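Undergrad: below: sequence and its predicted model.
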Amino acid sequence: MTFEEIYQAYWPRVFRICMGYVNDHDWAKDITQETFIKVWQNLPGFRNESGIGTWIFRIASNQCLRQIEKQKRMPKAEMPEHLQEKTEVTDDKKIAFLYQCISELKEMERIIISLEMEEMKQTEIAEIVGISEANVRVKLHRIKEKLSEKFKHYEQYR
């Protein structure tokens, strides 16, 4: 595959994974671009020891983790609640809420659920995050329980 083909095939999936990490459209686009810069720089050294997608998602998750670490060092300011816009809940708002919930998970949980949402096989997820496939299954079950609980509260209080 050429870099152009890789970029076209994987950009949307990498972007969604980054959104799961950071829950910010512009920031996710920046990290996605940084990921593909790394892919382009390192493509000649890719040894086909794993699938190209697995390799790319590993780079993306590492980029996300680096960016989150940088962000943790910077002070944050939340918008006051009385200034936040209150509108009807739509599917877009539910998706935004899902990304918000995912961004509140622990780092390992974020990457696991983001990869699961991209319909990656659990064996590939295990390889990317460096844990056993059985551990991936357990973590996915727990993550889904956490997200379901948050959605129950969300539906209850909207």
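TA: That came through, no problem.
Undergrad: what's in contact with the helix or strand residue 7 falls within?
TA: For residue 7, the host element (DSSP states H and E) is helix 3-22. With contacts defined as CB atoms under 8 Å, 6 or more residues apart in numbering, helix 3-22 is touched by 1, 25, 27-29, 31-32, 35-36, 39-40, 43, 52-53, 56-57, 60-61, 63-65, 67-68, 71, 99, 102-103, 107, 110-111, 113-115, 117-118. Just so you know, the C-beta spots here come from the backbone N, C-alpha and C atoms, and that holds for glycine as well.
Undergrad: which among those residues count as buried?
TA: 27-28, 31-32, 35-36, 39, 43, 53, 56-57, 60-61, 63-64, 67-68, 99, 102, 110-111, 113-115, 118 (16 or more other CB atoms under 10 Å).
Undergrad: among those, name the ones in helices.
TA: 27-28, 31-32, 35-36, 39, 53, 56-57, 60-61, 63-64, 67-68, 99, 102, 110-111, 113-115 (DSSP state H).
Undergrad: how about low-confidence regions in the chain?
TA: 72-90, 156-158 (pLDDT under 70).
Undergrad: the longest helix seen in the chain - contacts with which helices or strands?
TA: Using DSSP H, we find that the single longest helix of the chain is helix 133-157. Contacts defined by 3 or more CB pairs under 8 Å, 6 or more residues apart in numbering; DSSP states H and E place helix 133-157 against helix 91-103, helix 107-117, helix 122-129.
Undergrad: got the CA coordinates for the helix holding residue 7 in CSV?
TA: Only the C-alpha atoms of helix 3-22 are listed here, as CSV (Å, rounded to 0.1, in the frame of the first residue of the first chain):
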residue,chain,number,x,y,z
PHE,A,3,1.1,6.2,2.0
GLU,A,4,-1.8,7.9,0.1
GLU,A,5,-3.9,4.6,0.2
ILE,A,6,-3.1,4.1,3.9
TYR,A,7,-4.0,7.7,4.7
GLN,A,8,-7.3,7.4,2.8
ALA,A,9,-8.2,4.0,4.4
TYR,A,10,-7.2,4.8,8.0
TRP,A,11,-7.8,8.5,8.6
PRO,A,12,-11.4,8.3,9.6
ARG,A,13,-10.8,5.4,12.0
VAL,A,14,-7.7,7.1,13.6
PHE,A,15,-9.7,10.3,14.0
ARG,A,16,-12.5,8.5,15.8
ILE,A,17,-10.0,6.8,18.1
CYS,A,18,-8.4,10.2,18.9
MET,A,19,-11.9,11.7,19.5
GLY,A,20,-12.4,8.9,22.1
TYR,A,21,-9.3,10.0,23.8
VAL,A,22,-9.6,13.8,23.8
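Undergrad: good, wrapping up.
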